[in-house]
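this one's structure only:
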Ligand code: GRF
């Protein structure tokens, strides 16, 4: 059986789209079996429907605690026999329940060269700082925000002054690095 991937996202879902497309065309030798979304109606859900990928859509406020909604998610991951969770713009900190049950199998993509510029506004923070080499990091998820072991990084050189142009370049770098990294992680799993 091919490895099974779930992607967690909260918004646009361009990285979801690239991962789904790469699984569909065989660039990643895996099945993307579930999209988990904590913002019902987010565009990532439309993208998932187009790929015929089931969506687990929920609102955190409908649960009593983070542990409760993470238990619901982890139960579904168990049912779907998920091997790898890829966070792609999932705007929540992963909590104890998911780390206890899926720790070591959750990775995240971050639009900066960690450990510089962690957090939710990495591109803006790096731009305002005035760095000349930006980049993208893929790392394991642990209990520190953007703090887990680094798996892969790619630099993006930019000396211009247009943050929209910079964002486009960083997203393009993400869309290459994420499928390539997932693919090599999974092939190492099988060795
Ligand atoms: C990406 O920049 C990713 O690095 C960050 O959130 C953004 C998600 O973009 N974690 P998209 O929803 O995949 O288009």
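Received, thanks. Quantities reported herein were computed from a predicted structural model and do not represent experimental measurements.

Can I take it that residue 32 is in a strand?
Yes: in this structure, residue 32 lies within a strand as judged by DSSP: H, G, I helix; E, B strand; the rest coil.

how many neighbours does it have?
As a burial measure, residue 32 scores 24 neighbours (other C-beta atoms under 10 Å). Glycine gets a C-beta too; all of them are placed from N, C-alpha and C.

Report all helices and strands that the helix or strand where residue 20 lies contacts.
Assigned by DSSP states H and E, residue 20 belongs to helix 14-24. Judged by 3 or more C-beta pairs under 8 Å, 6 or more residues apart in numbering; DSSP states H and E, helix 14-24 is in contact with strand 4-9, strand 31-37, helix 43-50, helix 163-189.

Hey, what's the angle from it to helix 43-50? Just curious.
Interaxial angle of helix 14-24 relative to helix 43-50 (axes from the mean of the first three to the mean of the last three C-alpha atoms, to 10 degrees): 20 degrees.

chain center to helix 14-24: distance?
11 Å (C-alpha atoms, centre = their mean, to the nearest Å).

ok, residue 156 - contacts?
Contacts for residue 156 (C-beta atoms under 8 Å, 6 or more residues apart in numbering) come out as 133, 134, 135, 136, 166, 169, 170, 173.

before we move on, back to that, need the helices and strands packed on helix 14-24 in CSV (columns: distance to residue 68).
Shown next, in CSV, are those (distance: least, C-beta to C-beta, whole Å):
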stretch, distance to residue 68
strand 4-9, 17
strand 31-37, 15
helix 43-50, 22
helix 163-189, 29
